[in-house]
Structures are given as structure tokens and as C-alpha cells.
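# fold the following.
(2 chains)
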Amino acid sequence: GESVGLHLPTLSVQEGDNSIINCAYSNSASDYFIWYKQESGKGPQFIIDIRSNMDKRQGQRVTVLLNKTVKHLSLQIAATQPGDSAVYFCAEIGADTGNQFYFGTGTSLTVIP
Amino acid sequence: DAGVTQSPTHLIKTRGQQVTLRCSPISGHKSVSWYQQVLGQGPQFIFQYYEKEERGRGNFPDRFSARQFPNYSSELNVNALLLGDSALYLCASSRGGPSREKLFFGSGTQLSVL
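Got it, this is the predicted structure:
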């Protein structure tokens, strides 16, 4: 199966600081990546996506960086807020994976007020 | 606009029983995917349906089956439940079609098998 892993299972940051969540993937054929946020008792919520023809994409307070050379994805959250506390998953899909996304195991982000 | 809705929210079954989970996609979305999420792990793909046809199947036993209806809603059935089937079952919808695109998830059905 595919290997989508996260470098750190937990991350604690001070409110107002920037957060960086990392994700490594192993399938060089993956061409579409998504970051999801999952709060307790809820389903994953879309944050931002990026296709393999891009290196960087920015949203509101979030930036995703894609390094295809080392197969690495990161999510940067600016001015982290208590409401950002959740588990964050990266997901990948490629032409050789059919219609299924492969999810990492997740990183739990805790924002300290 | 309503998001992806799933029912029931919680379910308790015993080993050997059968269960049916239901999902209504976002209006206008024609594709529905089912994922299983075990506590502490990321979601794992079970099925994808588009235009009422199965378009993908994950590494799950034949005890798992699904279907999609003309209104694009979907049901996931699990027969002969095992303790290991206890998980959060997530339904996700997307517009569908040939291009890969983001999934919108419902809040899931929490299944406990005793």
C-alpha cells in the first residue's frame, strides 16, 4: 500500500505563533494533495489543496508547500489560534491509485493560550 | 447549503449482526466515497461510487458492500460484523468526473461492535 506519514504525531504551539505540520509521501506518481483538519467528533474538513504542477499555494492564514524532489508536503498556519487545535491529515492521490485518497496517520496540534 | 449528511450518528451492534449506514451527498455532487477511520489513524478507503457505478474498491473483505441510488445518495452495508469493524465510517462527496478533486466529508457514523 501507499505510505503517507507525518514526521510528528503531536505538536504544541503558543497562540499567535506560526505552526508547521509536515508530511512525507512515498508514491512519486501522486499528483494531487490535500490537507484536512479534523476536530473531535467531526469529519475531516478541507483546508487547502495543491497539485503537483505547483510548489506553493496560499489560503487564508494557511500555506501548503510541496517538494516533489524529496516527496514532502508541509502545512503552515500563521498566527495560530485556539480554534486551530485539531488533528491534521495530509492525503494524496495519483493516476496509479485509482479513485482513492491515501491518508497519513495525522498530527495532533494543540494551541496553548 | 447542506453538507454531506450521514445517518445514524452512532450505532451499537453485536458480533455477527449486519449494519446499513446511509449518506446524502452535497447537492450537485454525483460521487460518493466511503472511508473507515479507526481511532488514532487516518481514514482508509472502502468504496467510491459515481453515477451509480462502483469506481473503486479498497482492501476490504466482501462483507462490505455499497450502492448508490439515482438521487446519488448511498448506503454502506457490512455483514457478519466483527469486533474489528468498530470504527468511524465516513462518507465523502465530490462533483465526480474524470479529474481528481477534493472530497467533502460528513461527520460520520460511529459504529461500535460488542
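
# buried ones in stretch A:16-32?
Residues of stretch A:16-32 classed as buried by neighbour count (16 or more other CB atoms under 10 Å in any protein chain shown): A:S19, A:I21, A:N22, A:C23, A:A24, A:Y25, A:N27, A:S30, A:D31, A:Y32. C-beta here means a position set from N, CA and C on the backbone, and glycine is covered the same way.

# out of these, which comes closest to A:I112?
Of all those, A:I112 sits closest to A:S19, with 11.4 Å by CB to CB.

# what's near enough to touch the closest one?
A:L11, A:V13, A:L75, A:Q76, A:I77, A:T80, A:D84, A:L109, A:V111 (CB atoms under 8 Å, 6 or more residues apart in numbering or on different chains).

# and the residue nearest in space to the middle of chain B, bridged to which residues?
Computing the C-alpha centroid of chain B and ranking residues by CA atoms, centre = their mean puts B:W34 first, at 3.0 Å. On the basis of DSSP bridges, B:W34 is bridged to B:F47, B:C91.

# please name the residues that touch it.
B:C23, B:F45, B:I46, B:F47, B:Q48, B:A66, B:S74, B:L76, B:Y89, B:L90, B:C91, B:A92.

# so where's chain A shaky on pLDDT?
A:1-8 (pLDDT under 70).

# is it true that A:R51 touches A:Y32?
Yes. Counting by CB atoms under 8 Å, A:R51 does reach A:Y32; the two are 5.4 Å apart.

# re earlier: who wins for most neighbours among the contacts of B:W34?
Highest neighbour count within the contacts of B:W34: B:C91, with 32 neighbours (other CB atoms under 10 Å in any protein chain shown).

# for that residue, give me the pLDDT.
In this prediction, B:C91 carries a pLDDT score of 98.

# contact partners for it?
Here B:C91 is in contact with B:4, B:6, B:21, B:23, B:25, B:32-35, B:74, B:76, B:105-106, B:108 (CB under 8 Å, 6+ apart).

# and the residues you listed, which of them are in strands?
B:Q6, B:L21, B:C23, B:V32, B:S33, B:W34, B:Y35, B:S74, B:L76, B:F105 (DSSP state E).

# of the residues you listed, which is the nearest to chain A?
B:F105 (3.6 Å; CB to the nearest CB).

# how about that closest one, nearest residue that isn't a chain neighbour?
Of all residues not flanking B:F105 in the chain, A:G43 sits nearest, at 3.6 Å (CB to CB, 6 or more residues apart in numbering or on different chains).

# just give me the neighbour total for the one you found.
A:G43, neighbours per other CB under 10 Å, totals 23.

# would you map the strands across chain A?
Under DSSP E, chain A gives strands at A:4-5, A:10-14, A:19-25, A:30-38, A:45-51, A:56-58, A:62-67, A:72-77, A:86-94, A:102-103, A:107-112.

# returning to what we had before: nearest to chain B among the buried residues of stretch A:16-32?
Among these, and counting by CB to the nearest CB, the member closest to chain B is A:Y32, at 4.9 Å.

# for the closest one, what are its contacts?
Counting by CB under 8 Å, 6+ apart, A:Y32 has contacts A:D49, A:I50, A:R51, A:S52, A:E92, A:I93, A:G94, B:R100, B:E101.

# can you name the residues bridging to it?
Bridge pairing for A:Y32 - DSSP bridges - gives A:R51, A:I93.

# just to revisit the earlier point, tell me the pLDDT at the residue nearest to the centre of chain B?
97.

# gap between it and A:K68?
30 Å (CB to CB, to the nearest Å).

# same check on A:I20?
18 Å.
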